[in-house]
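K.L.:
Provide a 3D model corresponding to the input given below.
(2 chains)
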Amino acid sequence: MRSLLHALILGLLGAGIVHIAVLFLVPEFSERDAWSRLAMASDLYKMTRLDAEAGGAPVVKSVDPLFYAAACRFDLADGLVRIRAPGDVPFWSASVYDRNGHNIYSFNDHNANGEKLDAVVLTPAQMIDVRRDLPEDLQGAIFVEAPIEEGIFVVRAFVPDESWKPIVSRFLEQSACELQDY
Amino acid sequence: MLKNAILTLLSLAIAIGLGGYSVWYALNAQDGVGAIRIGQWTAFPEVGTLAADPYSKARVAREGVLALGQAEGLAFVAERDDAGEPLKRECAYTIEGGYPTARFWTLYAADQSLGVIDTGKPRQSALQSYEVLRRPDNSVVISVGSRPAPGNWLLTGGSGKMYFVLTFYDTPIASSTGLSDVTLPRILKAGCNA
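P.N.:
Predicted coordinates:
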């Protein structure tokens, strides 16, 4: 009887340990996280629509129905990545996420120069290099220093009503996500 | 000898079974640590940031969400009306009151996965603050239901559980200091199609 009780207590203790271990392993091994879903939909440095408007099921869930969104994956080990989008939309916002989908940095059109989206994501080490000799065409850009390698850049744009749909779609389709030489 | 083996197996079975099940259960529960409740509205300002607790980190990884950043906005979810009853798609509701400072807000009726309700009609079950009619004191009254209503009307339909998602964009309340004296509109039940 005593040994049964002993086994039960050991089991409960073990359950606690397993609980904590599984909890911390879920983010490491998840195949359903945003990165993996995007990887199935498209390549690195390619803007992909997240909303269902472009056809098919939405890639990443829980996008506001009055918003369109697009995302691209990048790897800062390859170099800096520059994201640009032209045009006038009522509101846009952008976020940089790390490999596990944590929001590292976010900004919106009021933070930008002339309300145009022009952002460069780079590591602190690359920032030092770029600062030494800032290229002419990067001077208006927003620099996002992120201590990460792989990451996701998301642009969200507000669609106030039906008539804005083509304009906002065009804004996202013309957005570019590319490796930048410096 | 055999007894020892059985007891060891029992301990292992409890450890792995209970440990695994408890994680699964905790990740499926709607509320969690770090929630902020204002009336019936709940927000998780820290979900999807590096400051989040391990449970919401695991949930973010499992569900593949990309949470709104602080400079983008903050979403509140309601699953009950002011009387404490769960929201139902077959019922009509009135959402009334003032809204905190933000550049604009959107409101939509959602199903269990927090995606917008598909009513099968061209009109979306979503409203935004630029298109709503306001009363002289700047408050907004929104009628929610499957039948058209004068004033502001949010279309819903079907049956089953319903959630309201109210998102404020470019708002100072997303920084945690602003959350203390925020009031959000009340959700009142107007009637049901039994």
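K.L.:
what residue lies at the spatial centre of chain B?
P.N.:
residue B:77 (2.2 Å; Cα atoms, centre = their mean).
K.L.:
Please list all residues in contact with that one.
P.N.:
B:41-43, B:110, B:114, B:163-166 (Cβ atoms under 8 Å, 6 or more residues apart in numbering or on different chains). No exception for glycine: its C-beta is placed from N, CA and C like everyone else's.
K.L.:
6 Å - rerun?
P.N.:
B:42, B:163, B:165 (Cβ atoms under 6 Å, 6 or more residues apart in numbering or on different chains).
K.L.:
Throw these into a markdown table and include distance to residue A:158, pLDDT and neighbour count, thanks.
P.N.:
Shown next, in a markdown table, are the contacts of residue B:77 (distance: Cβ to Cβ, whole Å; pLDDT from 0 to 100; neighbours: other Cβ atoms under 10 Å in any protein chain shown):
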| residue | distance to residue A:158 | pLDDT | neighbour count |
| --- | --- | --- | --- |
| B:42 | 23 | 86 | 18 |
| B:163 | 21 | 91 | 21 |
| B:165 | 15 | 92 | 21 |
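K.L.:
Would you reformat those residues as a markdown table and include distance to residue A:78 and secondary structure?
P.N.:
A markdown table is the format used below for the contacts of residue B:77 (distance: Cβ to Cβ, whole Å; DSSP: H, G, I helix; E, B strand; the rest coil):
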| residue | distance to residue A:78 | secondary structure |
| --- | --- | --- |
| B:42 | 40 | strand |
| B:163 | 41 | strand |
| B:165 | 37 | strand |
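K.L.:
can you confirm the residue nearest to the centre of chain B is in a strand?
P.N.:
Yes - counting by DSSP: H, G, I helix; E, B strand; the rest coil, one finds residue B:77 located in a strand.
K.L.:
what sits against residue 87?
P.N.:
Looking at chain A here, since you left the chain open. residue A:171 are the contacts of residue A:87 under Cβ under 6 Å, 6+ apart.
K.L.:
Chain B was what I was after
P.N.:
Counted by Cβ under 6 Å, 6+ apart, residue B:87 has contacts residue B:162.
K.L.:
what do you get for the one 5 residues further on?
P.N.:
Going by Cβ under 6 Å, 6+ apart, residue B:92 touches B:145, B:190-191.
K.L.:
among the residues you listed, which are in strands?
P.N.:
B:145, B:190-191 (DSSP state E).
K.L.:
Give me the PyMOL select line for the contacts of residue B:92, limited to the buried ones.
P.N.:
Here is the PyMOL command that selects the buried residues among these (16 or more other Cβ atoms under 10 Å in any protein chain shown):
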select buried, chain B and resi 145
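K.L.:
and the contacts of residue B:92 as CSV, adding pLDDT?
P.N.:
Below are these laid out as CSV (pLDDT from 0 to 100):
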residue, pLDDT
B:145, 91
B:190, 90
B:191, 88
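K.L.:
Just the closest of the contacts of residue B:92 to chain A, please.
P.N.:
Within those, the smallest distance to chain A is 18.1 Å, found for residue B:145 (Cβ to the nearest Cβ).
K.L.:
and chain B, which of its residues are near chain A?
P.N.:
When proximity is defined by Cβ under 6 Å from any Cβ of the partner chain, chain B lies next to chain A at B:7, B:10-11, B:14-16, B:18-19, B:22-23, B:48-50, B:54, B:57-58, B:60-62, B:64-67, B:69-72, B:106, B:108, B:114, B:116, B:124, B:126, B:128, B:130, B:167, B:170.
K.L.:
And the pLDDT at the residue nearest to the centre of chain B?
P.N.:
On the pLDDT scale, residue B:77 is placed at 89.
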